[in-house]
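A.B. asks: The following comprises the amino acid sequence and a computationally predicted model.
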Amino acid sequence: MKKITYTLFLILFGFHSYAANITIIESQSYTSGHDMDLKWQTIASSMGHTASVLPQTTLDNNGFFGSTDLLIVSSGVISLSAARVSTILLFSAKWQTRLSSK
């Protein structure tokens, strides 16, 4: 029981000790009723993170990589071109590389 309590403490403490830069890809231009981007932003900001809702065109290049710790595509129904999917995969690969080198 001590190990579980200690582990949970470390997880919770870890989340509150680091302010991440979160990029949220908007979804309201696809359907105005899809407001998950604003909900993600509200939750992330309330946790002390810096969250920015950016247009879908943000995924057209990797210019946001240097200033983004976490990428959220807020809707699962928006159409993404192959190039935009590739950018998302490159971002994911960047973090996998960073984490495996630690």
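C.D. replies: Structure's in. What do you need? Predicted model, so just to flag it, every value in this text is computed and none were measured.
A.B. asks: Rank the helices and strands of the protein by mean pLDDT and give me the bottom one.
C.D. replies: helix 2-16 (a mean of 50; mean pLDDT, DSSP states H and E).
A.B. asks: would Thr23 count as being in a strand?
C.D. replies: Yes: counting by DSSP: H, G, I helix; E, B strand; the rest coil, Thr23 is located in a strand.
A.B. asks: Grab the longest helix from this structure for me.
C.D. replies: Counting by DSSP state H, the longest helix found in the chain is helix 82-100.
A.B. asks: Return that helix as PDB; C-alpha atoms alone will do.
C.D. replies: What follows is helix 82-100, C-alpha atoms only, in PDB (Å, rounded to 0.1, in the frame of the first residue of the first chain):
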ATOM      1  CA  ALA A  82      -1.500  13.100 -45.600                       C
ATOM      2  CA  ALA A  83       1.000  16.000 -45.100                       C
ATOM      3  CA  ARG A  84      -0.700  17.000 -41.800                       C
ATOM      4  CA  VAL A  85      -0.900  13.400 -40.600                       C
ATOM      5  CA  SER A  86       2.800  13.200 -41.400                       C
ATOM      6  CA  THR A  87       3.500  16.300 -39.300                       C
ATOM      7  CA  ILE A  88       1.700  14.800 -36.400                       C
ATOM      8  CA  LEU A  89       3.700  11.600 -36.700                       C
ATOM      9  CA  LEU A  90       7.000  13.500 -36.900                       C
ATOM     10  CA  PHE A  91       6.000  15.400 -33.700                       C
ATOM     11  CA  SER A  92       5.300  12.100 -32.000                       C
ATOM     12  CA  ALA A  93       8.600  10.600 -33.200                       C
ATOM     13  CA  LYS A  94      10.500  13.700 -31.900                       C
ATOM     14  CA  TRP A  95       9.100  13.000 -28.400                       C
ATOM     15  CA  GLN A  96       9.800   9.300 -28.600                       C
ATOM     16  CA  THR A  97      13.400  10.000 -29.500                       C
ATOM     17  CA  ARG A  98      13.700  12.600 -26.700                       C
ATOM     18  CA  LEU A  99      12.200  10.200 -24.100                       C
ATOM     19  CA  SER A 100      14.300   7.200 -25.200                       C
END
